[in-house]
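Undergrad: Take this sequence and fold it.
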Amino acid sequence: MNWIPLILTLKLALVTTLVLFVLAIPLSYWLSITKSKIKPVIETLVSMPLVLPPTVLGFYLLLAFSPQNVFGAWLENWFGIRLVFSFTGLVLASCIYSLPFMVQPIQAGLSGISSSLTEAASLLGKNRLNTLFYILLPNIKSSIITAVVLTFAHTVGEFGVVLMIGGNIPGKTKVASIAVYDEVESLNYSLANQYSIVLIILSFITLFIVYMINGGHLKRFTR
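TA: Purely as a prediction, here's the structure:
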């Protein structure tokens, strides 16, 4: 069995999870405290990957990233970056597709914290940044772990989006889910089974760890 697709899958999942964690903290915090009229719009945009077919999202991202379109051409002409059929494009597409899996658990955790904690921190002279990082986030460790694990696991299992954006380039964009599809297409069920078993074991271990850490239950990311 060629281990490169599995290594590439883990690399993609790790990078996507780290990027989304950094982006989701401020976004989730804003969504948990804002009373802005545009909040439902932002929440809807964040949640759309949950209901959109991956191929639909992948198709429009492919159009947007293509050098034949304005955004793709601008990136290539000014920065020399081509997102289609590249690992960078896979990361960006995965971040968009997995965004709700990171944002929603953290937002739910922050929204569930009593306002008295924030008020007490304010009375002690703490600004919002200090309150977030030293008071609020330590109190939602379970939600953070859930968000990280769900994002990582979801990225590992991606197929439609990565196929549309990355194609099937060995060593570059051919992740494990694509490798399984390739082997099935070639009627090589034995190798497809090997890849699948590794992914099943990886998914089981990932979820088992979070169940153990969270005291035997995995918080729902939907509200």
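Undergrad: so where does Thr206 fall, helix or strand?
TA: Secondary structure from DSSP states H and E places Thr206 in helix 189-213.
Undergrad: where are the low-confidence patches of this structure?
TA: Within the chain, the stretches with pLDDT under 70 are 123, 125, 214-223.
Undergrad: quick check: longest helix of it.
TA: helix 4-33 (DSSP state H).
Undergrad: what comes up buried for the helix holding Thr206?
TA: Neighbour counts using 16 or more other Cβ atoms under 10 Å place 191-192, 194-196, 198-199, 202, 206, 210 of helix 189-213 among the buried residues. From N, CA and C alone the C-beta is placed, and that goes for glycine too.
Undergrad: Tell me the one among those residues nearest to Ile106.
TA: For the buried residues of helix 189-213, the residue nearest Ile106 by Cβ to Cβ is Val210; the value is 14.4 Å.
Undergrad: Buried residues of the longest helix of the chain, list them for me.
TA: Across helix 4-33, burial judged by 16+ other Cβ under 10 Å covers 5-6, 8-10, 12-13, 15-17, 19-20, 24-25, 27-29, 31-33.
Undergrad: any idea which helix or strand carries the residue nearest to the spatial centre of the chain?
TA: Centroid-nearest residue in the chain, with Cα atoms, centre = their mean: Ser98, separated by 3.1 Å. Element membership for Ser98 (DSSP H and E) is helix 87-111.
Undergrad: Please apply the same query to Gly171.
TA: Going by DSSP H and E, Gly171 is not part of any helix or strand.
Undergrad: gap between the closest residue to it other than its chain neighbours and Leu18?
TA: Leaving aside its chain neighbours, Gly171 sits nearest to Ile4 (5.5 Å; criterion: Cβ to Cβ, 6 or more residues apart in numbering). To Leu18, Ile4 is 21 Å away according to Cβ to Cβ, to the nearest Å.
Undergrad: Ok, Pro105 next?
TA: As judged by Cβ to Cβ, Pro105 and Leu18 stand 16 Å apart.
Undergrad: Repeat that for Gly89.
TA: Distance, Gly89 to Leu18, by Cβ to Cβ: 17 Å.
Undergrad: now Tyr134
TA: Per Cβ to Cβ, Tyr134 is found 21 Å from Leu18.
Undergrad: just to revisit the earlier point, ok, the residue nearest to Gly171 - contacts?
TA: By Cβ atoms under 8 Å, 6 or more residues apart in numbering, the residues touching Ile4 are 170-171, 174.
Undergrad: Include distance to Ser122 when you put these into TSV, please.
TA: Shown next, in TSV, are the contacts of Ile4 (distance: Cβ to Cβ, whole Å):
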residue	distance to Ser122
Pro170	55
Gly171	53
Lys174	51
